[in-house]
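**Q** Please work out how this folds:
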Amino acid sequence: MSSNAFPPSMDGFTTYDKSVHDEELPPNMNVQLIHEEEDGYISEEEGEDDNDFLPSDESKLGVKFTSQNYKYRKDPANYDGWGRLIIKPVSCDTLRMKITTLLASKELTQKAFLEELDVNPASLRRFMAAKGKDKGIQNNIYVPVIIYFAEREKKEKLKRQEERELEKQQEKEAKAAAKAAGVKTTRKRKYEDIDGDEGSLTVVFHPGTGKKSKREVKSEQESAVLASIDAIQLADKLVFDDCDDIRTKIVTLIKSPNGILSMTKFAEAIDASPQTVNKFLAKKGYNEGAGSIVYERAYHLFEKYRVWKNEKKTAKRLKNEMNHPCGFDLNEPRKYGWFFTGFK
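**A** Now for the predicted structure:
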């Protein structure tokens, strides 16, 4: 059994293998020890009295987490009152989508990802090939993946908090410096008169820094990129990427940390709803979703994007053009058919 495979219980919790993660355990943690014997697992309790420590009470451990040092297994908030590591169940389909997005972003290779989880490629291959929200729970990659992404999301949250605190600190220091220099920091309202055909209009600008929010900046960047892409004319209207290729490109474009478009902007660009896009993304198979409007429209958008960035066609793309000179079929694959079984 893999060292990272924790058998989940029915209540969503799991026990913790201290023999593997002893050095990562917070001090004075009351845990349930697991020893692997020939005839199965034997558990024993170790630690101080249960009332001496509540896993959710960080003050007693003096834990101060940052985006750099956070570890899921070190966080007391992830343990219940009996010292058991809490594993919150996640849909297998959701985990597969997160894995696809992560690997498509090229942030790390599949080999590095497997090393982080301490699992073998076969486990990942079987897990990714399954379909269904419960298909893959028994795979030994299931719990390590949940922990990996929970830890990753917590680090991102801590990083955003640190950035906000840094901005506040810098603003506070700037005000203090201005005050020491005798510079007044009080902002006055600004007015501007706009003359029109039917008279004049006085516009009041409320006091502020004039700095655009990150959301506004990102929205402007998205609009600029889409305007540049839309201006490109394609000579060929055929489709030479299969459905899985398009799904990978979509998650890279909108869901990876370096994605340049939001789901809303992407859906608007291909004249589809976000729900339709998500429905297409939920499918799996090279021709699953071929009849969706998302497939053809997204392909043409990505083809314009490739031309705009002056990128060469991939080896797979060239092979597809050779094997499918008329392009891929834009109809949903047939699920049923008539078969002749003989006369009675």
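**Q** Going by C-alpha atoms from here, please, whenever you check contacts or count neighbours.
**A** Noted.
**Q** What is the burial count for Asn323?
**A** Counted by other C-alpha atoms under 10 Å, the residues lying close to Asn323 total 12.
**Q** Check the one 4 residues further on too.
**A** When neighbours are defined as other C-alpha under 10 Å, Gly327 has 16 of them.
**Q** if I look at it, how far off is Leu238?
**A** According to C-alpha to C-alpha, to the nearest Å, Gly327 and Leu238 sit 5 Å apart.
**Q** How about Glu165?
**A** 51 Å.
**Q** where along the stretch 201-344 of the chain do the helices fall?
**A** Along the stretch 201-344 of the chain, counting by DSSP state H, counting those that start in this stretch, helices occupy 214-230, 243-254, 263-269, 274-281, 293-308, 315-323.
**Q** In a markdown table: those helices, plus distance to Ala177.
**A** As requested, the helices of the stretch 201-344 of the chain are exported to a markdown table (distance: least, C-alpha to C-alpha, whole Å):
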| stretch | distance to Ala177 |
| --- | --- |
| helix 214-230 | 26 |
| helix 243-254 | 41 |
| helix 263-269 | 42 |
| helix 274-281 | 48 |
| helix 293-308 | 47 |
| helix 315-323 | 58 |
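**Q** could you dump the ones you listed to CSV with distance to Asn69 and mean pLDDT?
**A** CSV is the format used below for those (distance: least, C-alpha to C-alpha, whole Å; pLDDT from 0 to 100):
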stretch, distance to Asn69, mean pLDDT
helix 214-230, 26, 78
helix 243-254, 27, 88
helix 263-269, 31, 89
helix 274-281, 34, 90
helix 293-308, 38, 92
helix 315-323, 40, 93
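**Q** Quick one: closest of those to Ile99.
**A** Among the helices of the stretch 201-344 of the chain, the nearest to Ile99 by C-alpha to C-alpha is helix 243-254 (10.4 Å).
**Q** Next, count neighbours for Ala231.
**A** 10.
**Q** Renumber starting at 26 from here on
**A** Okay, using 26 as the starting number, the last item reads as Ala256.
**Q** Quick check: the gap between it and Asp266.
**A** 22 Å.
**Q** And for Thr301?
**A** Counting by C-alpha to C-alpha - Thr301 and Asp266 are separated by 19 Å.
**Q** helices and strands around the helix or strand that contains Glu190, which ones?
**A** Using DSSP states H and E, the element containing Glu190 is helix 167-205. Applying 3 or more C-alpha pairs under 8 Å, 6 or more residues apart in numbering; DSSP states H and E, one finds that helix 167-205 contacts helix 117-129, helix 135-142.
**Q** Of the ones you listed, which shows the lowest average pLDDT?
**A** Lowest mean pLDDT within those: helix 117-129, a mean of 87.
**Q** Does Val302 touch Val319 like I think?
**A** Yes - applying C-alpha atoms under 8 Å, one finds Val302 in contact with Val319, separated by 6.3 Å.
**Q** Which secondary structure element of this protein has the lowest mean pLDDT?
**A** Ranked by mean pLDDT, DSSP states H and E, the weakest helix or strand in the chain is strand 65-71, scoring a mean of 31.
**Q** Next, give phi and psi for Ile111.
**A** When quoted as degrees, to the nearest 10, the phi and psi of Ile111 stand at phi -90, psi 120.
**Q** Just list whatever residues bridge to it.
**A** Beta bridges link Ile111 to Phe38, judged by DSSP bridges.
**Q** Could I get the pLDDT score of it?
**A** As predicted, Ile111 sits at a pLDDT of 90.
**Q** Kindly provide the distance from it to Lys180.
**A** Between Ile111 and Lys180 the distance is 18 Å, computed by C-alpha to C-alpha.
**Q** returning to what we had before: more crowded one of Thr301 and Asp266?
**A** Neighbour count, other C-alpha under 10 Å: between Thr301 and Asp266, Asp266 has more, with 21 against 13.
**Q** Give me the buried stretch members for stretch 301-317, please.
**A** For stretch 301-317, a neighbour-count test (16 or more other C-alpha atoms under 10 Å) marks 302, 305-306, 309, 312-317 as buried.
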